[in-house]
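>>> Quick check, what structure comes out for this input:
(one chain, ligands or ions: 2)
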Amino acid sequence: MRLEQVGLYLVEMPLVAPFVTSFGEERVRRALLVWVRGEGLTGWGECVAGSGPWFSPETVGTARHVIADFALPLLQGKDIAHPQELPGLLRPIRGHPMAKAALEAAVWDLWGKMHNQSLAQLLGSVRDRVPAGVSVGIQKDISTLLNVVGSFVDQGYQRVKLKTKPGWDVEPVRAVREKFPELPLSVDANAAYTPANLAHLKELDKFRLLMIEQPFHYDDLWGHARLARELQTPVCLDESIFSPQRAWEALELGACRIINVKQGRVGGLSAALEIHKLAVERGVPLWCGGMLETGLGRALNVALAALPGFVLPHDISATDRYYREDVAHPPFKLEDGHIRVPQGPGLGVEVDLERVVRFSVACWTYRM
Ligand code: OSB
Ligand code: MG
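Ligands and ions are numbered 1, 2, ... in the order given. Take a look at the predicted model:
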């Protein structure tokens, strides 16, 4: 397949409710949408980089720069035999996994449409629906938190993840655990702690948490390995795992027992498949994380989460938990605590171009 044209839309999607983590508050999700045109068809992808370098060093701005000025020239005039060739073609670019992943995603969608196969089929997915969890941001007080969690439990979410930070951890977790004794529950600190907080983090051991996600700095594999030996609660890594190589290192070091896979964070679907292979060989449980994606990114996450090694509930929630109006149709619905895997060609969702244009604040087109 030859790419003839590539385009980017920078969209600003208002969230139904502000999302607060240890690194800040988000009211609007800025996202870079990518389209690739070739063989008379259009493929779409979504870049998961955020508006600032808080979750990862990448931003929508660095992703646009790297895609336009470095990645597209490397793809110029290339005859791409399979989407899994993308990582090799883009290898000269160091870092920038989210930028690379967005292009690869659009190429997978195009490839699926060319061959009339769903992404789920192409990846080797084995499920037609995946268990949905929900990630609950930091709330203004504990009674608000209990109401928010209660409403998600009533809707049927199978696992609740609480965002934590120093000053919002043991007490909120205790309150949720007391009110929902059997609820599968986890916490995600987004790197808000340091090894000096060890004694405090140990207090979380008494709440029967499924895992503690990314307590320390993203660069600190060694600190996580030491923590993992001290805690009963399994450590799960998110930000730290930005490549298949890092996944291997983390497992070799014993820095985590569970991996949160985000295809964007690890450099694309091919990289996610590599991590999946490694995890299955080693019996390491995986689940699919989220980055408040639009329906485009969510469709891809759902297909990935349907692979056999993804065995825990995901941060894949229904569309109405994020957006009133999404840029893809149909919206993802919670059915009996699950999200259905799209079966149409490629991503299996329909892009709503009117909404893409309405939500966009800038767009760029490149001739290949
Ligand atoms: O750490 O998992 C995270 C959202 C944005 C950035 C980082 C994270 C998250 C979430 C939300 O937890 C997951 C979702 O998309 O539902
Ligand atoms: Mg996380």
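
>>> make it CA atoms for all contacts and neighbour counts henceforth
Noted.

>>> Which residue ranges of this protein form helices?
With helices called from DSSP state H, the chain shows them at 60-66, 72-75, 86-89, 97-114, 119-123, 142-155, 170-179, 198-202, 221-230, 244-253, 263-266, 269-282, 295-305, 353-359.

>>> Centre of the chain to the first one, how far?
Spelled out, that is helix 60-66. Helix 60-66 sits 18 Å away from the centroid of its parent chain (Cα atoms, centre = their mean, to the nearest Å).

>>> buried sites along it?
60, 61, 62, 63, 64, 66 (16 or more other Cα atoms under 10 Å).

>>> now do the longest one
Applying a neighbour-count criterion of 16+ other Cα under 10 Å, one finds 97-114 buried in helix 97-114.

>>> ok, now the fifth one?
Of the residues in helix 119-123, those with enough neighbours to count as buried (16+ other Cα under 10 Å) are 119, 120, 121, 123.

>>> packing partners for it?
helix 97-114, helix 295-305 (3 or more Cα pairs under 8 Å, 6 or more residues apart in numbering; DSSP states H and E).

>>> got the contact list for the closest residue to ligand 1 within the stretch 101-250 of the chain?
Per Cα to the nearest ligand atom, residue 135 is where the stretch 101-250 of the chain lies closest to ligand 1, at 5.0 Å. Residues in contact with residue 135 (Cα atoms under 8 Å, 6 or more residues apart in numbering) are 160, 161, 162, 163, 315.

>>> do the same with residue 304
Contacts of residue 304 by Cα under 8 Å, 6+ apart are 120, 123, 125, 288.

>>> again with residue 331
Residues counted as contacts of residue 331 (Cα under 8 Å, 6+ apart) are 295, 318, 319, 320.

>>> before we move on, what about residue 64?
Residue 64 is in contact with 8, 32, 99, counting by Cα under 8 Å, 6+ apart.

>>> partners of the first one in the sheet?
Partner residues in beta bridges with residue 8, using DSSP bridges, are residue 34, residue 364.

>>> ok, it touching residue 361?
No - contact criterion Cα atoms under 8 Å: residue 8 and residue 361 do not qualify, at 10.9 Å.

>>> ok so, going back, generate JSON lines for the contacts of residue 304, with distance to ligand 1 and pLDDT as supplementary columns.
Shown next, in JSON lines, are those (distance: Cα to the nearest ligand atom, whole Å; pLDDT from 0 to 100):
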{"residue": "120", "distance to ligand 1": "19", "pLDDT": "98"}
{"residue": "123", "distance to ligand 1": "21", "pLDDT": "97"}
{"residue": "125", "distance to ligand 1": "21", "pLDDT": "96"}
{"residue": "288", "distance to ligand 1": "9", "pLDDT": "98"}
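
>>> Residue numbers of this protein in contact with ligand 1?
Taking Cα under 6 Å from any ligand atom, the part of the chain that reaches ligand 1 is made up of 134, 135, 190, 289, 290, 291, 292, 315, 316, 317.
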